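K.L.:
Sequence plus predicted model, see below.
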Amino acid sequence: MELSQTQTFDINQRIGVSLTSPKLVSTQPKASLESALNSIFMGSQEVNRLLQAKTIMGDVVNNLSDDELNTYITEFQSLLDSWLDGFEKELFDNKTLKQLLKEG
């Protein structure tokens with residue numbers, strides 16, 4: 001099955017890579033290919049976080065899209081990390097646990 005020019009153009013715009021380029025495989029590093037695919041598809045870790053949140057919270061998050069829920073999870077995780085860092089600094093003379101472990 002061959003892609004029409006319109007389909008190829010649409011795909012090229014979405015992923016930012018020319019599918020007709022003969023040097024596609026040799027010039028594109030693996031990392032940039034993976035980042036392009038990750039921007040198109042959610043990673044398995046992200047899907048697992050969403051499924052876990054939906055399982056725990058149940059009907060409360062039914063009206064949220066996956067993007068909204070992912071945003072809330074990320075913001076909440078950042079807030080928790082900030083609180084824990086502050087608490088650790090209070091306990092360990094203005095140092096986090098990571099900083100103490102690196103020193104020791």
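P.N.:
That came through fine.
K.L.:
how about the helix or strand Thr74 falls within: buried residues?
P.N.:
Taking DSSP states H and E as the criterion, the element that holds Thr74 is helix 66-91. Buried residues in helix 66-91, counting neighbours by 16 or more other Cβ atoms under 10 Å, are found at Leu69, Asn70, Ile73, Glu88. All C-beta spots, glycine's among them, are computed from the backbone N, C-alpha and C.
K.L.:
got these as TSV, with distance to Asn62 columns?
P.N.:
Shown next, in TSV, are the buried residues of helix 66-91 (distance: Cβ to Cβ, whole Å):
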residue	distance to Asn62
Leu69	10
Asn70	15
Ile73	15
Glu88	36
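K.L.:
Serialize these to CSV and add fields for distance to Asn63 and pLDDT.
P.N.:
Putting the buried residues of helix 66-91 into CSV (distance: Cβ to Cβ, whole Å; pLDDT from 0 to 100) gives the following:
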residue, distance to Asn63, pLDDT
Leu69, 10, 93
Asn70, 15, 92
Ile73, 16, 93
Glu88, 36, 94
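K.L.:
and the protein, what are its domains?
P.N.:
Using automatic domain parsing, the domain parsing of the chain gives 5-40, 44-103.
K.L.:
which stretch in those domains is the model least sure about?
P.N.:
Confidence, taken as mean pLDDT, is least for domain 5-40 of these (a mean of 55).
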